[in-house]
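Fold the following, please.
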Amino acid sequence: MIRKFLTAAAAALMLAGCTTIDPVTGEREPNRSANGAIIGAVVGAAAGTLAGGDDRRNAMIGAGIGALGGYAIGAYMDRTYQNLRERLAGTGVGVERVSQSQIRLIFPADLTFDFNRDTVKSQFVGTLQNTGTVLREYEQTTVDVYGHADSVGSDAYNQELSERRAMNVSSILMQGGVIRQRLIAQGLGESRPVADNATDSGRARNRRVEVFISAFQG
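Predicted structure coming up:
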């Protein structure tokens, strides 16, 4: 519980860093839509933790979402997985079945963001919104968004960049229909590489956002 609270608090502190590029002036300015969307999620998570109990579970139950159990979990996640594969085919998004109760989506950074930027590329916004629309149809799942970075730059900078990217992806998923009670965004910086940071191709693989979709179990 303490870990969840610290994660939520850290995300809240980073909200001021969510920015966009003004297309006319070229200046960076606060991304108010992303900030407004995510602040509800992180503040809600912190409040739930302080009140005791599983904050997200309580919030989802309060939103009228019922938990899955038994054989229903596998069948429900089968449908979710198949729908995501069909709707995201050809987009470059990786769709992986991690277990009976969990699916992972992998958004490569070169598709999702410009280099060293946290704002989602305009041409990729539709893909993320479409992902959110699919997830809206399968509301009996939790959605965890993790931002990752390569090892170029300082640890602190990469941590902050990964947090901002995770929050901006989360904001667009919510635009597609994912309610905030289901969602948590977290940056992991350069701490979990999946490839060798000594090569260009390895660094490209490490710059990514992953979304874990898990069955909401009773």
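
in this structure, which residue is closest to the centre?
Val145 (2.2 Å; C-alpha atoms, centre = their mean).

which residues touch that one?
By C-beta atoms under 8 Å, 6 or more residues apart in numbering, the contact set of Val145 is 166-167, 169-170, 173, 183-186, 209-211. For the C-beta atoms, the positions are set from N, CA and C on the backbone; glycine is no exception.

Of these, just say which sits nearest to Gly62.
Distances from Gly62 to these, taken as C-beta to C-beta, are shortest for Leu183 (14.7 Å).

Neighbour count, distance to Thr127 and secondary structure added to the contacts of Val145, as a markdown table?
Putting these into a markdown table (neighbours: other C-beta atoms under 10 Å; distance: C-beta to C-beta, whole Å; DSSP: H, G, I helix; E, B strand; the rest coil) gives the following:
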| residue | neighbour count | distance to Thr127 | secondary structure |
| --- | --- | --- | --- |
| Ala166 | 27 | 16 | helix |
| Met167 | 28 | 18 | helix |
| Val169 | 28 | 11 | helix |
| Ser170 | 30 | 15 | helix |
| Leu173 | 25 | 11 | helix |
| Leu183 | 26 | 17 | strand |
| Ile184 | 23 | 21 | strand |
| Ala185 | 30 | 18 | strand |
| Gln186 | 19 | 21 | strand |
| Val209 | 26 | 12 | strand |
| Glu210 | 20 | 15 | strand |
| Val211 | 25 | 12 | strand |
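
How about Tyr144, nearest residue that isn't a chain neighbour?
For residue 144 the amino acid is Asp, not Tyr. Phe212 (4.5 Å; C-beta to C-beta, 6 or more residues apart in numbering).

Quick check on that neighbour: phi, psi?
phi -100, psi 120 (degrees, to the nearest 10).

same check, this time on the one 3 residues further on
Dihedral angles phi and psi of Ala215 (degrees, to the nearest 10) take the values phi -60, psi 130.

ok, it - how many residues close by?
Counted with other C-beta atoms under 10 Å, the neighbours of Ala215 add up to 23.

Any figure for the gap between the nearest residue to it once chain neighbours are set aside and Asp54?
Spatial nearest neighbour of Ala215, excluding adjacent residues (C-beta to C-beta, 6+ apart): Ser101 at 4.1 Å. Going from Ser101 to Asp54 by C-beta to C-beta, to the nearest Å gives 16 Å.

Please apply the same query to Ser162.
Distance from Ser162 to Asp54, by C-beta to C-beta: 25 Å.
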